[in-house]
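Peer 1: Turn this into a model:
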Amino acid sequence: MLSALVLFAVTPRDEARDLFLSVLDSYAARSSVALKIDHQDSSGLFPGRFEQELKWKKGRRFTLLLVKGEGSDAVSSGLPPDYYCDGERVLVVTSSGEKAEEPIERENVMPGWEVTGDVVLSWLMGTENKKYWASPPAGIETEFTMGEDREWMGEKAKTINFSFVREDQKFESVFYISEDKTRYLGASYELNGKKAWVHYKEQKFDVELPDDLGDGPG
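Peer 2: Okay, here's the model as predicted:
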């Protein structure tokens, strides 16, 4: 009888939210993560198509670099800069070589590295935005529900339908989880009237990365 009650208590909504959070938690439990992020109109800050390479290791060190050179799908304008984090500050380097330093945490500001690194980098860095996903503030309602399994970006995936509601604002997205529930593959949604997506690919975990990762160019 008790087991039956437990089964009824686990709703599809609980299952979807728990799957989303548990997969992202698994990234933060790693010693290091290396992957590429493909973007298509994924934000108003950096519209268009571009690809970045993320390398992260414990100690809040990371590099998030624009993929450049032959074979890059990056658009020619509106591109994000390169980001380097040594665990204490973020160094921003533009394509023209200009440099600026920023603190990792800035109240009520979502920095460019977190916009483009998206939810995985939020989780790895343990930002305020991560806390929002786990426990949204008053006035915001979020809902996670399981969708149908499907193929996305050439890979079989489980889908999670997500909605965000605040007053008269509503945002909907589909999250994609690998079939074996070990990797977050990305998301698709509509933004500014365009079909948008962010795709994590070529993911590697617990790889050896240099101790000075994120120090940036001298």
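Peer 1: which SS class is Trp26?
Peer 2: No, residue 26 isn't Trp; it's Ser. helix (DSSP: H, G, I helix; E, B strand; the rest coil).
Peer 1: isn't it right up against Thr182?
Peer 2: Yes - counting by Cβ atoms under 8 Å, Ser26 touches Thr182, with 6.9 Å between them. Quick note: C-beta positions are derived from backbone N, CA and C, even for glycine.
Peer 1: who's in contact with stretch 209-218?
Peer 2: Here stretch 209-218 makes contact (Cβ atoms under 8 Å, 6 or more residues apart in numbering) with 32, 34, 55, 57, 61-63, 84-87, 91, 93, 99.
Peer 1: go with 10 Å
Peer 2: 31-34, 55-64, 82-93, 97, 99, 101 (Cβ atoms under 10 Å, 6 or more residues apart in numbering).
Peer 1: between Ser26 and Thr182, who's got more neighbours?
Peer 2: A count of neighbours by other Cβ atoms under 10 Å puts Ser26 above the other of Ser26 and Thr182, at 15 against 11.
Peer 1: Just the pLDDT for the more buried one.
Peer 2: Per-residue confidence (pLDDT) for Ser26: 97.
Peer 1: list the contacts for it?
Peer 2: So Ser26 contacts 123, 181-184, 205 (Cβ under 10 Å, 6+ apart).
Peer 1: Report the two of the residues you listed separated the most.
Peer 2: Trp123 and Lys181 (15.7 Å; Cβ to Cβ).
Peer 1: of the two, who's got more company?
Peer 2: Trp123 (23 against 12).
Peer 1: ok so, going back, just the ones of the contacts of Ser26 in helices?
Peer 2: Trp123 (DSSP state H).
Peer 1: want to throw the contacts of Ser26 into a markdown table with distance to Glu167 and pLDDT?
Peer 2: Rendered in a markdown table, the data for the contacts of Ser26 read as follows (distance: Cβ to Cβ, whole Å; pLDDT from 0 to 100):
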| residue | distance to Glu167 | pLDDT |
| --- | --- | --- |
| Trp123 | 27 | 96 |
| Lys181 | 34 | 97 |
| Thr182 | 37 | 97 |
| Arg183 | 34 | 98 |
| Tyr184 | 29 | 98 |
| Phe205 | 39 | 98 |
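Peer 1: burial of Ile140, as a residue count?
Peer 2: For Ile140, using other Cβ under 10 Å, the count is 12.
Peer 1: actually Gly218, sorry about that
Peer 2: The burial count for Gly218: 3, using other Cβ under 10 Å.
Peer 1: roughly how far apart are it and Tyr83?
Peer 2: 16 Å (Cβ to Cβ, to the nearest Å).
Peer 1: Likewise for Val23?
Peer 2: Val23 is 24 Å from Tyr83, by Cβ to Cβ.
Peer 1: Give me the more crowded residue out of these two.
Peer 2: Between Val23 and Tyr83, counting by other Cβ under 10 Å, Tyr83 is the more crowded of the two (26 against 21).
Peer 1: Report the buried residues of stretch 205-216.
Peer 2: 209, 213-214, 216 (16 or more other Cβ atoms under 10 Å).
Peer 1: Return the member of these nearest to Asn108.
Peer 2: When these are compared against Asn108 (criterion: Cβ to Cβ), the nearest one is Gly214, at 24.3 Å.
Peer 1: For Val93, list each beta-bridge partner.
Peer 2: Using DSSP bridges, the bridge partners assigned to Val93 are Asp82, Lys99.
Peer 1: No more questions from me, cheers.
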